[in-house]
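Novice: using only what follows, build the 3D model:
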Amino acid sequence: MSCSNDLDSISSCETIEYPNKPSLDWFQSYGGSGEESHGHFILSTNDGGYIQIGETGFLPNNAKILVVKINQNGQLIWKKEYTDAGHNFGNSIIELDDGYLLCGVNNDDSFLVKVNKENGDILFSKTYDNGGSDAFEQLLLIDNQIFAVGYTNSEDKYNNFYSEGESSLHILDLKGNIIKNIDIKSYMSHAYRIKSINNDIYISGLTDGAEDYALIKMNPSGELIWSNVYGGNESDHCFAMDINDENEIFLSGHTTSKTANWDTYTMKIDSNGNKLWESKRGNPRGFNENYIHDEVWGVTSTDDGGCIIIAGTGDEYDEYSATCDNSSESSDQWKVYSIKFSSNGSIEWEGIYGRESEDWAGEDIDLSLDGKAIIAVDNGEFGFLKLK
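Specialist: Predicted structure coming up:
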């Protein structure tokens, strides 16, 4: 199923207007065989197009991993479902010279799939029982080895954000065989993102109980260089990480530490683990802040030393519903929420994006080959939102 490019129905309800915020270029969405489809990760590909992974259908036993590949204009190239219905998640993708490598969960176990770039056909797939209910969250390719982070022994296996398990790090060869396991459980409860720059590896995630941000730095041999924890006195959920060419790390997610409700929580960290700045920001439409959730799932660094985060904003409370001044928009309606930070942490612009009578939430972000934002949108299908 595909949505039209009609942008006339897209509206905004911001309390502060940033005249320099990006406008919409195009929006397209493509669902799977299930009643709803939810994407979690988006990647700008070397051919100028984009690819998104998630699942179609519903947990606990009726979800299939779904991947959608589109061209630079949002037109569908292919879409594939890679599992039978069951307890399945699609978590992330990396691009290789000869295919895309996908990871996630196949019926409670970690899952790795290599597919053809042109049509999505499977080149190989492997399932791993790494302990209890387990998953691969993200992959990294270094020196012809695959580093896979995730979790094992989940106590909340139907939650594909924080599993209440034990973090895991596996090194695999290019055929998908595990050649080494590295114990990182003492540094974080759930390993969520892995990145590399200048031969350094960074892994981010959540501490026990999802109380704080966790970050470790190691060398390609898997030897720890340092580990740090960041956060406040309440819950701090770290779901996003990126690194710039200066070896500076951006972490983002959402927090209830010294906030009225869940707010975006972004920080910049140097290569030694020192926090350079942090920023909490939320409730962009000016509702009652006690009822608004602002939840970050993606961050991308920009070539000016700053970053862009992507979030969803809305309320989840039966007892609260409000509309904006001079607008029919309701707090119950979720929107895509994006913020651009400068290199020193000041806000350069905020943007709210959505369509009337639809719920949208930002799930992930990457930059196109020409430096523009491409956003994964949860609209009940696989939404692709391109900014100018």
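Novice: only alpha carbons, please: show stretch 109-122 as CSV.
Specialist: Once non-C-alpha atoms are left out, stretch 109-122 reads as follows in CSV (Å, rounded to 0.1, in the frame of the first residue of the first chain):
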residue,chain,number,x,y,z
ASP,A,109,16.6,-15.9,18.7
SER,A,110,19.1,-13.6,17.2
PHE,A,111,18.8,-13.4,13.4
LEU,A,112,21.2,-12.4,10.6
VAL,A,113,20.2,-12.2,6.9
LYS,A,114,22.3,-11.2,3.9
VAL,A,115,20.2,-10.1,0.9
ASN,A,116,20.7,-9.1,-2.8
LYS,A,117,20.7,-5.3,-3.3
GLU,A,118,18.7,-5.4,-6.5
ASN,A,119,15.7,-7.5,-5.4
GLY,A,120,16.1,-8.4,-1.7
ASP,A,121,16.5,-12.1,-2.3
ILE,A,122,18.2,-14.0,0.5
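Novice: name the residues of it that are buried.
Specialist: Residues 109-115, 117, 120 are the ones in stretch 109-122 that count as buried (16 or more other CB atoms under 10 Å). All C-beta atoms are positioned from the backbone trio N, CA, C, and that covers glycine.
Novice: span of stretch 147-163 from start to end?
Specialist: Stretch 147-163 has an end-to-end distance of 20 Å (CA to CA, to the nearest Å).
Novice: now that stretch: buried residues?
Specialist: For stretch 147-163, a neighbour-count test (16+ other CB under 10 Å) marks 147-154, 157, 160, 162-163 as buried.
Novice: so who does Asn107 touch?
Specialist: Listed by CB atoms under 8 Å, 6 or more residues apart in numbering, the contact set of Asn107 reads 83, 86-88, 127.
Novice: got CSV for the buried residues of stretch 147-163, with secondary structure too?
Specialist: Listed next are the buried residues of stretch 147-163 as CSV, based on DSSP: H, G, I helix; E, B strand; the rest coil:
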residue, secondary structure
Phe147, strand
Ala148, strand
Val149, strand
Gly150, strand
Tyr151, strand
Thr152, strand
Asn153, coil
Ser154, coil
Lys157, coil
Asn160, coil
Tyr162, coil
Ser163, coil
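Novice: widest-spaced pair of those residues?
Specialist: By the measure CB to CB, Phe147 and Lys157 form the most distant pair in the buried residues of stretch 147-163, at 23.3 Å.
Novice: ok, the buried residues of stretch 147-163 vs Ser37, which is closest?
Specialist: Asn160 (13.7 Å).
Novice: residues near Phe250, how many?
Specialist: Other residues within reach of Phe250, judged by other CB atoms under 10 Å, total 25.
Novice: can you list the strands that the helix or strand harbouring Gly312 pairs with?
Specialist: Using DSSP states H and E, Gly312 sits within strand 307-315. Sheet pairing of strand 307-315 (DSSP bridges) gives strand 292-301 (antiparallel), strand 335-341 (antiparallel).
Novice: show me the shaky parts of the stretch 251-388 of the chain.
Specialist: In the predicted model, the stretch 251-388 of the chain carries pLDDT under 70 at residues 325-328.
Novice: ok, which stretches of it are strands?
Specialist: With DSSP state E, counting those that start in this stretch, the ranges of strands along the stretch 251-388 of the chain come out as 263-269, 275-281, 292-301, 307-315, 335-341, 347-353, 361-367, 373-378, 382-387.
Novice: adding mean neighbour count and distance to Gly132, write the ones you listed out as a markdown table.
Specialist: Putting those into a markdown table (neighbours: other CB atoms under 10 Å; distance: least, CB to CB, whole Å) gives the following:
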| stretch | mean neighbour count | distance to Gly132 |
| --- | --- | --- |
| strand 263-269 | 25 | 30 |
| strand 275-281 | 16 | 34 |
| strand 292-301 | 24 | 25 |
| strand 307-315 | 26 | 30 |
| strand 335-341 | 26 | 35 |
| strand 347-353 | 18 | 39 |
| strand 361-367 | 24 | 26 |
| strand 373-378 | 26 | 28 |
| strand 382-387 | 25 | 29 |
